[in-house]
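Q: take this sequence and fold it.
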Amino acid sequence: MRVIQPRDPAFKFVVEAIGDDLVIRNVTATWFSGPGDPSDTGRTASGVSTRDNPKLLGCALPMDGFRFHKTDGSPIPKLPWGTLVRVVNRISGQTESFPLIDLGPSKYATSGAAIDLTATAFTLLGGNTDDGVIQVDVIVPRGVSFLPKPLAVVDHEQGTPKISPAERKRLSWVLRAFDVRAIFRSKRTIAKPAIKSFIESPNCSSRNGTSIDMIVLHCTTAATAGGTINWFLNRKSQVSAHYIVDKNGEIYQMVRDECSAWHAKAMNSRSIGIEHVATATDRLTDAQSQASAHLVCWLAAAYGIPVANVMGHKFAPGNERTTGCPNHLFGDTTAGAVAEWVSTNVANALGSKESRRSCRVVAEPVARKTLQLPGWAKPSTWLARLQSDLLRIHQNVRPLPHSSAAALTALELMTIALEDRRFFYHPGIDVRSIVRETIRALTGRKHGGASTIDMQFVRTATGFRAPTITRKIYEAFLALMIQSRYKKLEILRSYLACAFFGSGLIGADAAAQRIFNKNADRLAIEEASFISAMLAYPRPLHGLPRWELRARRRAAYAVAVFTLRKGRLNGPYEIAPLEGE
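A: Numbering: from 1, shown residues only. Below is the predicted model of the structure:
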């Protein structure tokens, strides 16, 4: 172990080099909440806006080499922006990783602080913003490579106090447990980013056993996420991508990772496609860049994708000179601009030392090994799939407020009347409906799928829409599982919040605003019946008169059912005052 002494004695901490990592032990962390002066632009030294991102996760270190008088002489070398810094709360042991976004705190701070955290990061680490400080250990993985040469170091044998065996053991455990180099050995190091909604595109196919080893970045050239989603839902477009990253950082998924999306020609079977909502001249927004980097990091860690294989559409093998995508998304329309973004936001986060220039993308995928057990036959595959789907469902659940007693709105009643009249009286699957629809199918009459609202919510949240009996059984199994986790009203409201109501309309609020310029909970009975009818007849881009006729016919049916069964639809809940009765 080596100790890096500060060139300026005003800094009251030293940095230790342990292996490839830089460690600052037992120092004070402060927090900054953004600009307090209205004239302040709120821009950090890295260019990130704290004013536009109140929930920003990030940290600041007093780094030397920026010619900034408040940080000159610091023992911390100049690090690339976006470098992940691990911070350990010495009291609770809570450990989190935050990207480096700014310079600070000042060497003149009387608190002896060595790191600044955004308010959200400070709270996430267990700190109380009223107290203002917490004691932490700061770890910069692979930070030694950024030290200037030659480096003046001091050995412990020459006067510096030695670290105790107990402290050495604790710190080594922390470094081993949270070392970013272990990311490919433990997939729990980076959590999958939240998916706002899963809307399955029909434009996909099987990978036929080909392994995933590439990520292709796209620009939608459309101004909204809704337009892109509608285009990917159109079978005639013959185009899709696995993920869409909106300008506000929200992520939509349209194709499962294990399936092949149609986005990069010959590279479809071996790649993951990520679309970014932007026109041909737009650049990534701050929120979009942060969300996309998180998604790319998770995919690279989950599938062992080399950093060199993260590239723009027109630079993927077989796609050269066929498209201008990703256009100006990363600045210049060059491979270097994409590589710089990947290096800053992905390579540093993963701790990768490999050079993009020294790695070539093999034109043909590596053949599968013989005598390899198929993925579907492995119990771990089923367990991982179940955990992943339950997590997706949980991310889409909206908890009930605790402030007042819950009451059913007109839209919720109309949805129950049309989609699942016995919603409050079955445990996720309706045996009576299953028997009825089975008899109809066997006798050749028109029949439905006997899906409950619980099953429809599961299908929407997980995106599992394959027209097979296996999918139906698995959907019913998940619907049974969530009964013990969430209340019935939570399931109903969560379904309405993420359901697809038409082109660019995700969620009942979006549909109600587009059609009636109202919030969903303010709709009258006739209006609510029309919105609930859109679950069966989503609003299209074209052919609106015919669509409206069908939707109004189904809405009239909903009102008739509600009139006959009003006292039996609401279950144990009260009915909110309704307009239009």
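Q: least trustworthy helix or strand in this structure by mean pLDDT?
A: Across the helices and strands of the chain, mean confidence by mean pLDDT, DSSP states H and E is lowest for strand 153-154: a mean of 40.
Q: ok, residue 342 touching residue 306?
A: No - contact criterion CB atoms under 8 Å: residue 342 and residue 306 do not qualify, at 10.9 Å. C-beta coordinates here come from the backbone N, C-alpha and C atoms, glycine included.
Q: separation between residue 536 and residue 50?
A: 45 Å (CB to CB, to the nearest Å).
Q: before we move on, what about residue 457?
A: Residue 457 is 37 Å from residue 50, where distance means CB to CB.
Q: of the two, who's got more company?
A: Of the pair residue 457 and residue 50, residue 457 is the one with more neighbours under other CB atoms under 10 Å, namely 30 against 22.
Q: and the more buried one, what does it touch?
A: Residues near residue 457 by CB atoms under 8 Å, 6 or more residues apart in numbering: 393, 396, 479, 482, 491, 494-495, 498.
Q: in JSON lines, list these along with secondary structure.
A: Listed next are the contacts of residue 457 as JSON lines, based on DSSP: H, G, I helix; E, B strand; the rest coil:
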{"residue": "393", "secondary structure": "helix"}
{"residue": "396", "secondary structure": "helix"}
{"residue": "479", "secondary structure": "helix"}
{"residue": "482", "secondary structure": "helix"}
{"residue": "491", "secondary structure": "helix"}
{"residue": "494", "secondary structure": "helix"}
{"residue": "495", "secondary structure": "helix"}
{"residue": "498", "secondary structure": "helix"}
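Q: need the worst-confidence member of these.
A: Lowest pLDDT of those: residue 396, 82.
Q: how far away is that residue from residue 462?
A: Taking CB to CB as the measure, residue 396 falls 9 Å from residue 462.
Q: more crowded one of those two?
A: More crowded of residue 396 and residue 462, by other CB under 10 Å: residue 462, with 25 against 21.
Q: contacts only, for the more buried one.
A: Remark: with contacts taken as CB under 8 Å, 6+ apart, residue 462 is in contact with 198, 389, 392-393, 478.
Q: what do you get if the cut-off is 6 Å, keeping everything else the same?
A: Neighbouring residues of residue 462 by CB atoms under 6 Å, 6 or more residues apart in numbering: 389, 392.
Q: again with residue 458
A: Applying CB under 6 Å, 6+ apart, we find residue 458 in contact with 475, 478-479.
Q: of all these, which comes closest to residue 16?
A: For these, the residue nearest residue 16 by CB to CB is residue 478; the value is 49.1 Å.
Q: all helices of the stretch 51-200 of the chain, in order?
A: 119-124, 165-178 (DSSP state H, counting those that start in this stretch).
Q: from the contact counts, what lies against the lengthiest helix in the chain?
A: If you go by DSSP state H, the chain has its longest helix at helix 544-569. Contacts defined by 3 or more CB pairs under 6 Å, 6 or more residues apart in numbering; DSSP states H and E place helix 544-569 against helix 410-419, helix 525-533.
Q: mind checking the ones you listed for the one nearest to residue 134?
A: So among the helices and strands packed on helix 544-569, helix 410-419 is nearest, using CB to CB, at 44.2 Å.
Q: could you give the average pLDDT over the closest one?
A: Across helix 410-419, the average pLDDT comes to 90.
Q: what angle sits between it and helix 544-569?
A: 90 degrees (axes from the mean of the first three to the mean of the last three CA atoms, to 10 degrees).
Q: now the angle between helix 525-533 and helix 410-419, please.
A: Using the same axes, to 10 degrees, one finds that helix 410-419 and helix 525-533 are set 50 degrees apart in direction.
Q: and helix 410-419, what does it pack against?
A: helix 525-533, helix 544-569.
Q: find the nearest non-adjacent residue to the spatially most central residue of the chain, please.
A: In the chain, the centroid-proximal residue (CA atoms, centre = their mean) is residue 193; its distance is 2.3 Å. Leaving aside its sequence neighbours, residue 193 sits nearest to residue 294 (CB to CB, 6 or more residues apart in numbering; 4.6 Å).
Q: part of a helix, is the one you found?
A: Yes - checked against three-state DSSP, residue 294 lies within a helix.
Q: and it, what pLDDT?
A: 90.
Q: could you count how many residues lie near it?
A: The local packing of residue 294 (other CB under 10 Å) involves 23 other residues.
Q: and if you look at residue 191?
A: Neighbour count of residue 191, defined by other CB under 10 Å: 10.
Q: same deal with residue 98?
A: 23.
Q: try the one 3 residues further on
A: Close neighbours of residue 101, defined as other CB under 10 Å, add up to 25.
Q: give me phi/psi at the nearest residue to residue 265 once chain neighbours are set aside?
A: Computed as CB to CB, 6+ apart, the closest residue to residue 265 that is not its neighbour in sequence is residue 318, at 5.3 Å. When read as degrees, to the nearest 10, the backbone of residue 318 gives phi 90, psi 0.
Q: max-length strand in this protein?
A: strand 21-32 (DSSP state E).
Q: who does it pair up with?
A: Strand pairing for strand 21-32, using DSSP bridges, gives strand 15-18 (antiparallel), strand 113-118 (parallel), strand 134-140 (antiparallel).
Q: what's the most buried one of those strands?
A: Greatest average neighbour count among those goes to strand 113-118 (a mean of 25), per mean count of other CB atoms under 10 Å.
Q: give me the contacts around that one.
A: 13, 24, 27-32, 56, 58-61, 104-105, 138.
Q: go on, stretch 288-300?
A: With CB under 6 Å, 6+ apart, stretch 288-300 has contacts from 190, 192-193, 215, 245, 247, 249, 251, 272, 345-346, 349.
Q: as CSV, those with secondary structure, pLDDT and distance to residue 513 would be great.
A: Formatted as CSV, the contacts of stretch 288-300 follow (DSSP: H, G, I helix; E, B strand; the rest coil; pLDDT from 0 to 100; distance: CB to CB, whole Å):
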residue, secondary structure, pLDDT, distance to residue 513
190, coil, 72, 35
192, coil, 81, 30
193, coil, 87, 26
215, strand, 94, 35
245, strand, 94, 23
247, coil, 90, 19
249, coil, 90, 21
251, strand, 92, 22
272, strand, 95, 33
345, helix, 83, 34
346, helix, 82, 37
349, helix, 61, 37
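Q: ok, and the most crowded of these?
A: Most neighbours among the contacts of stretch 288-300, by other CB under 10 Å: residue 245, with 32 neighbours.
Q: for residue 527, see how far away it is.
A: Using CB to CB, we find residue 245 at a distance of 33 Å from residue 527.
Q: now swap in residue 238 and tell me
A: Per CB to CB, residue 238 is found 37 Å from residue 527.
Q: packing partners of the one helix or strand residue 476 maps to?
A: For residue 476, the element it lies in under DSSP states H and E is helix 469-481. Packing contacts for helix 469-481, counted by 3+ CB pairs under 6 Å, 6+ apart, involve helix 453-462.
Q: dump stretch 126-141 to PDB, restricted to CA.
A: In PDB, the C-alpha atoms belonging to stretch 126-141 read as follows (Å, rounded to 0.1, in the frame of the first residue of the first chain):
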ATOM      1  CA  GLY A 126     -28.400   7.000   4.800                       C
ATOM      2  CA  GLY A 127     -27.500  10.600   5.500                       C
ATOM      3  CA  ASN A 128     -29.800  13.200   7.100                       C
ATOM      4  CA  THR A 129     -29.700  16.500   5.200                       C
ATOM      5  CA  ASP A 130     -30.500  18.300   8.500                       C
ATOM      6  CA  ASP A 131     -27.200  17.100   9.900                       C
ATOM      7  CA  GLY A 132     -25.300  17.900   6.700                       C
ATOM      8  CA  VAL A 133     -22.400  15.400   7.100                       C
ATOM      9  CA  ILE A 134     -21.700  11.700   7.400                       C
ATOM     10  CA  GLN A 135     -18.500   9.800   7.900                       C
ATOM     11  CA  VAL A 136     -17.600   7.600   4.900                       C
ATOM     12  CA  ASP A 137     -14.900   5.700   3.100                       C
ATOM     13  CA  VAL A 138     -14.400   6.700  -0.500                       C
ATOM     14  CA  ILE A 139     -13.100   4.200  -3.100                       C
ATOM     15  CA  VAL A 140     -12.100   5.000  -6.700                       C
ATOM     16  CA  PRO A 141     -11.800   1.700  -8.500                       C
END
